[in-house]
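Asks: Sequence and predicted structure are below.
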Amino acid sequence: MSHTDINVDVVVPNQTRYLGLIGNIAEQVAKELDGYPGDRDMLAYHLNLALTEAMVNAIEHSAPGDEKKTVRVCIHLEDNNVCIRVYDQGQGFDLNTVPAPNFEELGERGRGIFVIRNVMDSVNYRKTDSGNVLEMRKRLA
Amino acid sequence: MSHTDINVDVVVPNQTRYLGLIGNIAEQVAKELDGYPGDRDMLAYHLNLALTEAMVNAIEHSAPGDEKKTVRVCIHLEDNNVCIRVYDQGQGFDLNTVPAPNFEELGERGRGIFVIRNVMDSVNYRKTDSGNVLEMRKRLA
Amino acid sequence: MNIGIDKKADKTILTLQEERIDAHNSAELKDYLLRLLENGAEDVVVNLQAVRFIDSSGLGALLSGYKNANLRQRRLVLAGLQPRVQSMFELTRLHRVFDIYPNLQEVLADDDRADSANRSHSQ
Amino acid sequence: MNIGIDKKADKTILTLQEERIDAHNSAELKDYLLRLLENGAEDVVVNLQAVRFIDSSGLGALLSGYKNANLRQRRLVLAGLQPRVQSMFELTRLHRVFDIYPNLQEVLADDDRADSANRSHSQ
Ligand SMILES: Nc1ncnc2c1ncn2[C@@H]1O[C@H](COP(=O)(O)OP(=O)(O)O)[C@@H](O)[C@H]1O
Ligand SMILES: Nc1ncnc2c1ncn2[C@@H]1O[C@H](COP(=O)(O)OP(=O)(O)O)[C@@H](O)[C@H]1O
């Protein structure tokens, strides 16, 4: 285990009112990156943003209206790497077929995955035993 | 599962530098208690405090100096109840034999458990498969 | 959602008093903007000074207001974006779509300039 | 640990510029206070205005400074406690031990009163 090695695992009801809690926890974790060479405030925002976008999708595509459903989010921080996982219990989708937004059309939606891809270094989506998971990684050094 | 049901599980290296992170996460969770009738700011402080005191003990009594060791903390919030668990990998101790502080003597230590008992409703300590655990509960309504 | 509303000159100034605009409150923001425009508001300035965080659904709500204002031959402009919020507009190229002012003073000053330009034109 | 140091009248005023005083920085605070008193500081005022959180080890560090000051016939007093911090002193009964002032002004005003009392005494 390296010097910084933080694991945060959060389960909340699948309601948008918990987006702020999850985002704030991500920002608190980002604050621990003493040695981060870049703009730490911007990094905190990017983790908050990626988590928020992913969690909104998980809520939308899991079981809308079912209050018993939960969303699970994990943040794993190591010295040079942060990995965020957001689980959903929905039908799943093919991440690779999501088109980039058309910048000429002023659609109100369809920017979430684009934003995530831009603020994180790698994104993948797969089925696991505990549901589908969107896994987002960012190198920190 | 009730309306509010939040589970936060955090693992950090057993170093005091992570006390602030854990305390801040507890305060973020306390903020979610929309319906809490009492002073929410004071509740947030009390959860922060109980966690900090318990985590300091877990760090001190686990394996001082061993950077590979971790501390695990869980916060479970339901509508009317919050339960905080702090795990340690040490020798354990008998919570019931810890004396109340002597208010006439100005000792520099020995107030941690007293503080925890005062800000939480119940405290117990026991062995589990994943180490010893100090479990602290507070009713919220 | 906490929104302050104020009239200055021929403008309705909305001050969003929320740290976060995200999928939890963006639908409410969108509805608020549409109702305001429906009820015949003049040009709208959305003051984002208090907003520390915006997600893609927040952008969508503002875009919906922007498009609706345009349909009605009115303007919807933004002011007071914090750097992190500004970066979201740049990332999604929406800084090319919206008129974005550093702060409220600049919106109103710009107006004065436009006015005096109009006056000198009509002379 | 971030500590501002200032001299006012015959006092050394320490301003703790940390949101948290806990087991991560309390040993440093304790050492700082002891060194200050060793090096012949006058009366010490610890300004806690910026401190939002204190744990039992933080209380222990202040208590250590208090006892050391007493040994040297000096005073160590506290000022500017936020309500949550104040509540920790009350819970542990340490508000009966420390002299606690609402703010720095009061510490210095108290001093003036004591001075003029001394003067009228000596007349
Ligand atoms: N967790 C998910 N489960 C199922 N489908 C998803 C999930 N996340 C994203 N998608 C799909 O990807 C599309 C693009 O998502 P996104 O870029 O976030 O934009 P938006 O959600 O605004 O449409 C969604 O419309 C949806 O079809
Ligand atoms: N997790 C723990 N493992 C072993 N012993 C503990 C633990 N927590 C507390 N103790 C014991 O309880 C005593 C009282 O703890 P506390 O009230 O926090 O005061 P302090 O830690 O300042 O001595 C400690 O001195 C220690 O002997």
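Replies: Looks like it arrived, so ask away. Numbers count the residues shown, from 1 in each chain, chains lettered A, B, ... in the order given. Ligands and ions are numbered 1, 2, ... in the order given.

Asks: Tell me where the model's unsure across chain C.
Replies: The model of chain C has pLDDT under 70 over residues C:114-123.

Asks: what about the residue in it that ligand 2 sits nearest to, neighbour count?
Replies: Going by CB to the nearest ligand atom, ligand 2 is nearest to residue C:19 of chain C, at 35.9 Å. C-beta here means a position set from N, CA and C on the backbone, and glycine is covered the same way. Residue C:19 sits with 11 neighbouring residues when counted by other CB atoms under 10 Å in any protein chain shown.

Asks: From chain D, how far out is it?
Replies: Here residue C:19 is placed at a distance of 18 Å from chain D (CB to the nearest CB, to the nearest Å).

Asks: Contact partners for residue 5?
Replies: In the absence of a named chain, chain A is used. Residues near residue A:5 by CB atoms under 8 Å, 6 or more residues apart in numbering or on different chains: A:77, A:78, A:79, B:12, B:13, B:70.

Asks: My question was about chain C, not that one.
Replies: With contact set as CB under 8 Å, 6+ apart, residue C:5 has these partners: C:12, C:13, C:14, C:15.

Asks: Just confirm it is within a helix.
Replies: No. Checked against DSSP: H, G, I helix; E, B strand; the rest coil, residue C:5 lies outside a helix; its state is strand.

Asks: in the sheet, who's paired with it?
Replies: According to DSSP bridges, the residues that bridge with residue C:5 are residue C:14.

Asks: how close does it get to residue C:21?
Replies: Taking CB to CB, to the nearest Å as the criterion, residue C:5 is separated from residue C:21 by 17 Å.

Asks: what do you get for residue C:109?
Replies: From residue C:109 across to residue C:21, the span is 26 Å (CB to CB).

Asks: of the two, who's got more company?
Replies: In this view residue C:109 and residue C:21 are compared by other CB under 10 Å, and residue C:21 has more residues nearby, 25 against 12.

Asks: tell me which residues of the strand or helix carrying residue C:31 are tucked away?
Replies: Applying DSSP states H and E as the criterion places residue C:31 in helix C:26-38. Along helix C:26-38, these residues count as buried under the neighbour rule (16 or more other CB atoms under 10 Å in any protein chain shown): C:26, C:29, C:30, C:32, C:33, C:36, C:37.

Asks: how about the third one, what does it touch?
Replies: When the contact criterion is CB under 8 Å, 6+ apart, the partners of residue C:30 are C:60, C:61, C:64, C:65.

Asks: residues in contact with whichever residue of chain C sits closest to chain B?
Replies: Distances from chain C to chain B, computed as CB to the nearest CB, single out residue C:19 as the nearest residue at 11.7 Å. By CB under 8 Å, 6+ apart, the residues touching residue C:19 are A:20, C:50, C:51, C:52, C:53.

Asks: got the contact list for the last one?
Replies: To tie it back to what came earlier, the one meant is residue C:53. Residues near residue C:53 by CB under 8 Å, 6+ apart: A:23, A:45, A:48, A:49, A:52, C:19, C:20, C:21, C:22, C:84, C:85.

Asks: The second one now?
Replies: Residue C:50 is in contact with C:15, C:16, C:17, C:18, C:19, counting by CB under 8 Å, 6+ apart.

Asks: The spatially closest residue to residue C:94 that is not a sequence neighbour sits in which helix or strand?
Replies: If you skip the residues right next to it in sequence, residue C:94 has residue C:59 as its closest partner in space, 6.0 Å away by CB to CB, 6 or more residues apart in numbering or on different chains. Secondary structure from DSSP H and E places residue C:59 in helix C:56-71.
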